[in-house]
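1. could you work out the structure for the sequence below:
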Amino acid sequence: MGKAESYHHGNLRRAVLDAALAAIEESGPSGWSLRELARRAGVSHAAPAHHFGDKAGVLTAVAAEGFEQFADALERAAGDPYGSGVAYVRFAVDHRAYFEVMFRPELYRAEDPELAASRERAGAVLAASGRKLSRGAGTGEERATTIAAWSLAHGFASLWLNGALPESRGEGDVEELAKEVLRVVFGGGAEGVE
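-> Take a look at the predicted model:
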């Protein structure tokens, strides 16, 4: 494979992924076809299948890329478990297409090595935040605290994205409301949420 061909295929992959993200934004993670992605990306109808195999292959690449960006966002806030919760919600709101795929393993190949590595990296940051929230409790309580914090952030993000919260349909500030929810649920240590 020559240098120009390799460069072309790098652009093709990105073009198809960008088309997939746009399609997910518009129709959800299942409401499109590979043929539609090809049309959106301006490539031959066979190009997405050639590059990704099938729809699950495209969604695997979307999830892997999403978890990588998600891990980056969580790591930037890793020193503060409350900040990690806000970063979780902010990522969901700012990167809805990724978020809608990442936590739906029935859509993609969960055993994909790239996806598994980025998902584990994000999970490690979430677990570290859970340990900080549990304030040195036993291992069982640390795990329960991590799941509670994850459930809170994920549930809040889902409610916001689906327009179920009145604030999400108007002028509400997602970060401020997320901070307030964290303060209520996890107590007094959240004053420093920035």
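
2. relative to Asp72, how far out is the residue nearest the centre of the chain?
-> The geometric centre of the chain, computed from its C-alpha atoms, lies nearest to Phe99 (CA atoms, centre = their mean), at 3.7 Å. Distance check for Phe99 against Asp72: by CB to CB, to the nearest Å, it reads 14 Å. Bear in mind the C-beta positions are built from the backbone N, C-alpha and C, glycine included.

3. for the helix or strand hosting Leu115, packing partners?
-> Assignment of secondary structure by DSSP states H and E places Leu115 within helix 113-133. Packed against helix 113-133 by the contact rule (3 or more CB pairs under 8 Å, 6 or more residues apart in numbering; DSSP states H and E) you find helix 55-76, helix 81-94, helix 139-161.

4. and the angle from that helix to helix 55-76?
-> Angular relation of helix 113-133 and helix 55-76 on a 0 to 180 degree scale: 30 degrees, by axes from the mean of the first three to the mean of the last three CA atoms, to 10 degrees.

5. buried residues in helix 113-133?
-> Burial within helix 113-133, assessed by neighbour count using 16 or more other CB atoms under 10 Å, is assigned to 115, 118-119, 121-122, 125-133.

6. for it, give the mean pLDDT please.
-> For helix 113-133, mean pLDDT is 90.

7. how about residues contacting it?
-> 60, 63-65, 67-68, 70-71, 74-75, 78, 81, 84-85, 88, 102, 108-110, 142-143, 145-147, 149-150, 186 (CB atoms under 8 Å, 6 or more residues apart in numbering).
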